[in-house]
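Peer 1: based on what follows, work out the 3D shape:
(2 chains)
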Amino acid sequence: MAVYAVPLQELKRLRHGPPPSAGSSENNADPSAGLPEPATKPVDASATQGSSPSVRGSGEEVAFAASADQLMGLSRSQLAALLADPSESGNKVLLAMIYRLATIEQQLDELGSYIRGRSVQHSYPTPASAGQPVVGDTGKAEVLEQVFRKNLSLRGMGG
Amino acid sequence: MSRVKESMTAEAGLETESKTEAQASVPQLDETRLDLPGERPPPIGRGENALYVGIDLGTSRTSVSVSNGARHTVLSYVGVCKDAIGHKRLGKGVLVGQAALDNRLALDLVRPLKGGVIDSSDARCGRAVRELLRHVVSLCEPQPGQPIYAVVGAPARASIESQKAILHALEPLVTSAMIVSEPFAVAYGLDILTEALVIDIGAGTSDLCRMHGTLPDETDQITLRTGGDTIDERLEQDILKRYPKVQVTRNMVRQIKEKYGFVSDPHQKCEVTLTEMGRPKRFDLTDALRAACRSIVPEIVEAIYSLIGTFDPEFQAKLRNNVILAGGGSRLIGLPLLIEKDLAGLGGGNVVAVEEPTYAGSNGGLKLAMEMPARYWKALV
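Peer 2: Below you'll find the predicted structure:
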């Protein structure tokens, strides 16, 4: 499990954003406006407090190594409500979301590497030329193994 | 191969019996006179120092291709001196190949392979084939202590006992050996492993094998007991029938066939000088030779029909358009065109002959030996 270290003060700055300018309509807007509202139970803002996030003091580095699966069951408006909470639990939710995104990114990287690896390992047959089909290395390796196994069998050594 | 040694000796039985009887009938065989050291090369394992060998063990000729670049072909004859006079004149007790044939009057001449496998009806053949292989391996010029890995081509439908007998004969000579079917070796050497029909026309057998991207099994292969020897036999009979007083031997007939053999319409006459009671005379053998050479074609075509007819119908056209002839029989002039004509019943086809019929099998064996993963070789040592 990866551990992401994020300065708590930086998280707070990110969550609250720059100081709002007077009369700004954007900062007063409901963050959940325009989003569909799934039928879910109302969530207490302290929903994530019992989970694995651990916070070591204000202004210090925050070690966050949590599964954060609880967030997946929340609606967008519920997440927005949690993020709007100025208490410590809001920070934890934000950290959990960042962690979740980072985990997904890592999984995507791994998946990408796997896919790239597969494409390298797989050998396609060489295109036929001059009416003489040529088998690629993968096919030839199988044939060689079959020859070997047949000779093993011939010697009564299995295969 | 030490584990194999006991089981093969017990299961095959052929070599054990042959050796016992051969010792009585061929007392002159002396392995110490040959070039190779008597001890088997050590099982060091595959590496850059190893020598890889492909062998086409044929009824008429045995060809060998070696990873050091050498390649040789020898007549599959082994001769043992009949008495001390011959031994003294020839300087050795056993002769192999052309030397054996040239001195056959002083030798007990053995052609140890019949139908591409060790002739079990003759007790001398087991020992003789070992001498033949010993000679062939010595031609490969192995360094002292150099491990040797060999792939040997055998007839497509050679019995398990025949294959074991060949392995047993090779056992003291090489570090490890594998057996493959001869037409498969040809196909592998040409990199033609999919949708092709390979026909290896040898002296003792004609082997047909259809390739479809995997190791061919028994249903993919047919071995016919016809080949160059069949042509020789029929030609000799025909000559004697037409010219009862002519003096001709089977070896002379073979030489005539190899020089003039054809199946097409004659473009020139085949006239040779033979004798009648010692008197030389010219004989026109054109018709007899053509008839003899064509005599093996119907059976081969019938086998082609069988292999194509039982193949996946979606790939039958590819198969009949990729027929490859190999072996000495493929040198018969006009053979590809004649078979093509006979394939009309299947919708036509394309038949070609390999460029080097003499070495196509041994080259394929060498390629197999060199590309075989090291762990496989080690597992068989």
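Peer 1: where do the strands of the stretch 51-200 of chain B begin and end?
Peer 2: Here the stretch 51-200 of chain B has its strands, by DSSP state E, counting those that start in this stretch, at B:51-57, B:61-66, B:71-75, B:78-81, B:94-96, B:107-110, B:113-114, B:117-118, B:148-154, B:176-181, B:194-201.
Peer 1: neighbouring strands - and their directions - for the last one?
Peer 2: In this case it means strand B:194-201. Partner strands and pairing direction for strand B:194-201 (DSSP bridges) are strand B:206-212 (antiparallel), strand B:323-326 (parallel).
Peer 1: closest one to residue B:112 among these?
Peer 2: strand B:206-212 (19.0 Å; C-beta to C-beta). The C-beta positions use only the backbone N, C-alpha and C, and glycine is treated the same way.
Peer 1: out of the strands of the stretch 51-200 of chain B, which gets nearest to residue A:156?
Peer 2: strand B:176-181 (13.8 Å).
Peer 1: after the helix or strand bottoming out on mean pLDDT in chain A comes which helix or strand?
Peer 2: Of all helical and strand segments in chain A, the minimum by mean pLDDT, DSSP states H and E falls on strand A:61-64, at a mean of 40. Remark: after strand A:61-64, the chain's next helix or strand is helix A:76-84, criterion DSSP states H and E.
Peer 1: helices or strands next to that next one in the packing?
Peer 2: If contacts are counted by 3 or more C-beta pairs under 8 Å, 6 or more residues apart in numbering or on different chains; DSSP states H and E, helix A:76-84 sits against helix A:88-121.
Peer 1: domain boundaries for chain A, per the record?
Peer 2: A:4-119, A:123-154 (automatic domain parsing).
Peer 1: now do the contacts for residue A:141.
Peer 2: Going by C-beta atoms under 8 Å, 6 or more residues apart in numbering or on different chains, residue A:141 touches residue B:373.
Peer 1: mind checking the SS state of residue B:273?
Peer 2: strand (DSSP: H, G, I helix; E, B strand; the rest coil).
Peer 1: wait, it sits on residue B:280?
Peer 2: Yes. Between residue B:273 and residue B:280 a contact is recorded at 5.3 Å, counting by C-beta atoms under 8 Å.
Peer 1: can you tell me how far the residue nearest to residue B:277 when sequence neighbours are not counted is from residue B:281?
Peer 2: Excluding its sequence neighbours, the residue lying closest to residue B:277 (C-beta to C-beta, 6 or more residues apart in numbering or on different chains) is residue B:245, at 6.9 Å. With distances taken as C-beta to C-beta, to the nearest Å, residue B:245 is found 9 Å from residue B:281.
Peer 1: tell me which of these two has more neighbours.
Peer 2: residue B:281 (14 against 11; other C-beta atoms under 10 Å in any protein chain shown).
Peer 1: surely the more buried one touches residue B:273?
Peer 2: Yes. With contact defined as C-beta under 8 Å, residue B:281 reaches residue B:273; the gap is 7.0 Å.
Peer 1: quick check: phi and psi on the residue most central in space within chain B?
Peer 2: Taking C-alpha atoms, centre = their mean, the centroid of chain B lies closest to residue B:58, which sits 1.3 Å from it. With angles defined as degrees, to the nearest 10, residue B:58 sits at phi -110, psi 160.
Peer 1: how near is it to residue B:115?
Peer 2: 11 Å.
Peer 1: taking the stretch 151-300 of chain B, what residue is nearest to chain A?
Peer 2: Closest approach between the stretch 151-300 of chain B and chain A, counting by C-beta to the nearest C-beta: residue B:215, at 3.7 Å.
Peer 1: these two touch, right, residue B:317 and residue B:348?
Peer 2: No. With contact defined as C-beta under 8 Å, residue B:317 does not count as touching residue B:348 (9.2 Å).
Peer 1: more neighbours: these two, which one.
Peer 2: When neighbours are counted by other C-beta under 10 Å, residue B:317 comes out ahead of the other of residue B:317 and residue B:348, with 16 against 12.
Peer 1: pLDDT score for that one?
Peer 2: Model confidence at residue B:317, given as pLDDT, is 92.
Peer 1: hmm, the residue nearest to residue B:277 is touching residue B:278, no?
Peer 2: No. Applying C-beta under 8 Å, one finds residue B:245 not in contact with residue B:278, separated by 11.0 Å.
Peer 1: so where is chain B shaky, pLDDT-wise?
Peer 2: Scanning chain B for pLDDT under 70 picks out the ranges B:1-48.
Peer 1: the residue of it positioned farthest from its centre pairs with what?
Peer 2: No residue in chain B sits farther from the centre than residue B:279, which is 35.8 Å out by C-alpha atoms, centre = their mean. Beta-bridge partners recorded for residue B:279 (DSSP bridges): residue B:276.
Peer 1: how close does the residue nearest to residue B:174 when sequence neighbours are not counted get to residue B:224?
Peer 2: Distances taken as C-beta to C-beta, 6+ apart put residue B:148 closest to residue B:174, at 4.2 Å, once the chain neighbours are dropped. Using C-beta to C-beta, residue B:148 is found at 32 Å from residue B:224.
Peer 1: same check, this time on residue B:247
Peer 2: Distance from residue B:247 to residue B:224, counting by C-beta to C-beta: 31 Å.
Peer 1: the two: who's more crowded?
Peer 2: A direct count of neighbours by other C-beta under 10 Å for residue B:247 and residue B:224 places residue B:224 higher, at 21 against 14.
Peer 1: and the more buried one, backbone torsions?
Peer 2: The phi/psi pair for residue B:224 (degrees, to the nearest 10) is phi -100, psi 140.
Peer 1: in the sheet, who's paired with it?
Peer 2: Going by DSSP bridges, residue B:224 forms beta bridges with residue B:206.
Peer 1: show me what from the stretch 101-250 of chain B comes close to chain A.
Peer 2: Counting by C-beta under 8 Å from any C-beta of the partner chain, the positions of the stretch 101-250 of chain B adjacent to chain A are B:160, B:163-164, B:167, B:178-180, B:188, B:190-196, B:213-215.
Peer 1: separation between residue B:318 and chain A?
Peer 2: In this view, residue B:318 and chain A are 8 Å apart by C-beta to the nearest C-beta, to the nearest Å.
Peer 1: which residues touch that residue?
Peer 2: Residue B:318 neighbours (C-beta under 8 Å, 6+ apart): residue B:195.
Peer 1: over to residue B:270?
Peer 2: B:256, B:260, B:284, B:285, B:286, B:289.
Peer 1: count of neighbours near the fourth one?
Peer 2: Here the count is done by other C-beta under 10 Å, and residue B:285 has 24 residues near it.
Peer 1: give me the phi and psi for the nearest residue to it once chain neighbours are set aside.
Peer 2: Of all residues not flanking residue B:285 in the chain, residue B:270 sits nearest, at 4.9 Å (C-beta to C-beta, 6+ apart). For residue B:270, the backbone dihedrals (degrees, to the nearest 10) come out as phi -100, psi 90.
Peer 1: about what we covered before: overlap in contacts of residue B:58 and residue B:115?
Peer 2: residue B:204.
Peer 1: can you list the buried residues in stretch B:218-236?
Peer 2: By 16 or more other C-beta atoms under 10 Å in any protein chain shown, the buried positions in stretch B:218-236 come out as B:220-224, B:226-232, B:234-236.
Peer 1: could you do stretch B:236-251 as well?
Peer 2: So for stretch B:236-251, counting by 16+ other C-beta under 10 Å, buried means B:236, B:238, B:239, B:243, B:248.
Peer 1: wait, a helix at the second one?
Peer 2: If I follow you right, that is residue B:238. Yes. Counting by three-state DSSP, residue B:238 is located in a helix.
Peer 1: report the contact partners of it.
Peer 2: B:288, B:291, B:292.
Peer 1: which of those ranks first by neighbour count?
Peer 2: Busiest of those [other C-beta under 10 Å] is residue B:292, holding 25 neighbours.
Peer 1: just to check, residue B:297 is in contact with residue B:337?
Peer 2: No. Between residue B:297 and residue B:337 there is no contact under C-beta under 8 Å: 11.2 Å.
Peer 1: who has more neighbours out of the two?
Peer 2: Each of residue B:297 and residue B:337 has its neighbours counted (other C-beta under 10 Å); residue B:297 has more, 19 against 12.
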